[in-house]
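> Sequence and predicted structure, then a few things I'm wondering about:
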Amino acid sequence: MEKIQPYVKAFTAYLKSLNKSFHTTKQYTLDAKQFAEIIQHENKINEALQLYSKTIQEKYPSFNSVNRKFASIRHFLTFLQLRGVISVYNEEIIAPLTKQETELNVLKEKQFTRALAYWPKQYEIALNEEHEWLALRNTVIVFTVAELGIKPAELVRMEWKHINTEKNEIIVLASKSYRVLQCSKKLLELLEDYKHHTLEFMPLTENSPYVWLGVGNKMGEPVSVKTIERIFKAMSEQLQFKVTATNMRYHAIQKLLTKNEDPKVLYEQFGYARKGVLLEREQRFPKNS
DNA sequence: CTCCAAACTCACACGACTAG
DNA sequence: CTAGTCGTGTGAGTTTGGAG
């Protein structure tokens, strides 16, 4: 068997030619590179796979990680076969491991209440106008995630024109689709309040279409998901428990689940493609909470 | 055909680093 | 200090294949 390290580059080009997304290409390339590294001194494909499988399982504790890497390598092996670098191999060696159920991390009611109170408190104790504005923005961000249960990537895409004050509706742009969500009067008022403060604090951003702006940001550009992460990170550190956009999202979903909403309404509201995914999540919600 | 678990893909989480 | 980018690991979300 010839050395496969030189084929990693060609693999990347191959993935691009298949119109794989940026993320997928990047991840598969990374995995292929690691694979080539591990097996570089092996001569027989099945022995190489044995070594790889063993190395990966020792290095990564999570089943998901191992299985994702195996999936990458199956693609890579197919590619190598296409190029005639290898012929057949024993598929069993890198067959997916059977995965175990993991319980979802959902915010408890008490934690949820405390999380909501965090930024309003920061607003009260703000020492200057900038901190005050930031605290207000972060308050509205957290309230939006809490009520709508949307994901960070969806949040940062929000534009003022997506908000319909008459019909109490907000259009949420997902990666490949959009959905229209009902929202409370209170949230609309908060958004409006934040809009006015932003206009006063940063008048030059007046014609930015985006809702969530930053102080050290490129003029009129929305903040990134990294900033959303940091907003939750800051809360977590102060509050002594982990709050993320995702576990707040789950809190919102669970609330509706316990109210026995129609599943169809639920999976549409939270942007799931089909109800199966939601049912799977339901299994994994913590039992007594 | 329907349906759903497995396979696959995408993006969040988080640390390290950088800019202003 | 607030924010963006990049690298890496992993969980969330989407698609598919094959059972019925």
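That came through fine.
> show me where the stretch 101-250 of chain A has strands.
For the stretch 101-250 of chain A, the strands defined by DSSP state E, counting those that start in this stretch cover A:163-164, A:169-173, A:178-182.
> Can you name the residues of chain A sitting close to DNA strand B?
Contact residues (CB under 7 Å from any atom of the strand) of chain A with DNA strand B: A:20-21, A:23-24, A:27, A:67-68, A:71, A:74-75, A:95-96, A:98, A:151-154, A:175, A:216, A:225-226, A:228-229, A:232-233, A:242, A:244-246, A:276, A:280. For every residue, glycine as well, the C-beta is placed using N, CA and C.
> right, and A:Thr244 touches A:Ala234 too?
No - A:Thr244 is not in contact with A:Ala234 according to CB atoms under 8 Å; the separation is 12.0 Å.
> Throw the strands of the stretch 101-250 of chain A into a markdown table and include mean neighbour count and mean pLDDT, thanks.
Below are the strands of the stretch 101-250 of chain A laid out as a markdown table (neighbours: other CB atoms under 10 Å; pLDDT from 0 to 100):
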| stretch | mean neighbour count | mean pLDDT |
| --- | --- | --- |
| strand A:163-164 | 16 | 90 |
| strand A:169-173 | 18 | 86 |
| strand A:178-182 | 14 | 83 |
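> As CSV, these with distance to DNA strand C would be great.
Listed next are those as CSV, based on distance: least, CB to the nearest atom of the strand, whole Å:
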stretch, distance to DNA strand C
strand A:163-164, 21
strand A:169-173, 12
strand A:178-182, 10
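> For A:Lys59, which of those strands is the nearest?
strand A:169-173 (37.7 Å; CB to CB).
> Now the stretch 51-200 of chain A against DNA strand B: closest residue?
A:Ala153 (2.9 Å; CB to the nearest atom of the strand).
> what about the residue nearest to that residue when sequence neighbours are not counted, how many neighbours?
The shortest distance from A:Ala153 to any residue other than its chain neighbours is 5.7 Å, reached at A:Val225 (CB to CB, 6 or more residues apart in numbering). Residues near A:Val225, counting by other CB atoms under 10 Å, number 16.
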